[in-house]
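1. I'd like to go over a predicted model; first the sequence, then the structure.
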Amino acid sequence: MDLDTSRRAFLQAAAAGLGIAVIRVAPATATPAAMDEAVRKVVGASKVSKGRVTLELPPLSENGNTVPLTVSVESPMTQAEHVRAIHIFTELNPQPDVVSFRLGPRAGRARVSTRIRLANTQTVTAIGELSDGSFWSTSAAVVVTLAACLEDA
Amino acid sequence: MANALVNVPPRARRGEIIEIKTLISHPMETGYRRSQLGATIPRDIIRLFVCTYNGTEVFRAELHPAIAANPFIVFSTVATESGTLAFQWTGDNGFSATESAAITVD
């Protein structure tokens, strides 16, 4: 019993120590919390549901300086029902925002490709904003071998 | 002058969804890198890309430093009428570039 409590106390202390270590490292990059904040800025108080968005990213990227990304949202793209915007966010880049695409019924198809930078092995999140005001999201994990933003000029 | 490349199909059927590819040469300096002397290299990126179809905006992208150098963007639009697709990139330090492409819709 006594041993058990001390073990618990030790684990709690270790967890606290780990927390401090994480906080100390954090300022160099954005954190998942910073990403949540950036997401909140876009979606406001609305609920973000999972699904309808497809994010195509290579599972492993040799070079974080240019990672091909394709994002698409299921939508008929009519005047009544279309995708208004697609936003991309990262957890661990120096800044969570990556890009915001603004579309409309004239896009015909909600599918956009570009190339992004990734500073670390991390999760990329895409959020689709629909004309009815709903938000849909998906995430994809990418392992980055050579990180962007680190090399000197 | 920046070098911009756009790929728009020259002909399309009315109502067809066409794919547009754009590429522009730009360093997209993030503002997070340092020179060998330790000084921060100031940010120099393209902030905004807009595509208009006969004067009506059909696509817009707000870019951040996490977009790779030489921004490459692929998107689509519906071929509604013959005319001109105009592309405009604007960014830091007064950067501005335009490009246009003609399309014939049958």
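-> It's in.
2. tell me the SS of residue A:34?
-> The assignment at residue A:34 comes out as helix when based on DSSP: H, G, I helix; E, B strand; the rest coil.
3. Same check on residue B:101?
-> Relying on three-state DSSP, one would call residue B:101 strand.
4. Could you pick out the residues of chain B near chain A for me?
-> B:17-18, B:30, B:32-36, B:41, B:53, B:56, B:58-69, B:71-78, B:80 (Cβ under 8 Å from any Cβ of the partner chain). All C-beta spots, glycine's among them, are computed from the backbone N, C-alpha and C.
5. Pull out the buried members of those.
-> Buried residues within the residues of chain B next to chain A, counting neighbours by 16 or more other Cβ atoms under 10 Å in any protein chain shown: B:18, B:30, B:32-33, B:53, B:58-69, B:71-78, B:80.
6. Now, the residues you listed that are in strands?
-> When these are checked against strands (DSSP state E), the matches are B:18, B:53, B:58-63, B:72-78.
7. can you name the two of those that are farthest apart?
-> Of all pairs drawn from these, the greatest distance, 24.1 Å, lies between B:63 and B:78 (Cβ to Cβ).
8. okay, now the domains of chain A?
-> Following the assignment in automatic domain parsing, chain A carries domains at A:1-28, A:31-146.
9. mean confidence score for the shortest one?
-> Taken as a whole, domain A:1-28 has an average pLDDT of 55.
10. so how far is chain B from residue A:110?
-> Taken as Cβ to the nearest Cβ, to the nearest Å, the spacing of residue A:110 relative to chain B amounts to 9 Å.
11. Count the residues that sit near that residue.
-> Residue A:110 is flanked by 27 other residues according to other Cβ atoms under 10 Å in any protein chain shown.
12. Do a quick rundown of the strands in chain A.
-> Under DSSP E, chain A gives strands at A:48-50, A:53-56, A:60-63, A:67-73, A:83-90, A:97-102, A:111-116, A:122-130, A:135-146.
13. any chance of those in a markdown table, with mean pLDDT too?
-> Supplementary listing: those in a markdown table, determined by pLDDT from 0 to 100:
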| stretch | mean pLDDT |
| --- | --- |
| strand A:48-50 | 90 |
| strand A:53-56 | 94 |
| strand A:60-63 | 91 |
| strand A:67-73 | 95 |
| strand A:83-90 | 94 |
| strand A:97-102 | 95 |
| strand A:111-116 | 96 |
| strand A:122-130 | 94 |
| strand A:135-146 | 92 |
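14. Could I get those strands in a markdown table, plus columns for mean neighbour count?
-> Supplementary listing: those in a markdown table, determined by neighbours: other Cβ atoms under 10 Å in any protein chain shown:
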| stretch | mean neighbour count |
| --- | --- |
| strand A:48-50 | 12 |
| strand A:53-56 | 18 |
| strand A:60-63 | 14 |
| strand A:67-73 | 20 |
| strand A:83-90 | 24 |
| strand A:97-102 | 22 |
| strand A:111-116 | 21 |
| strand A:122-130 | 23 |
| strand A:135-146 | 16 |
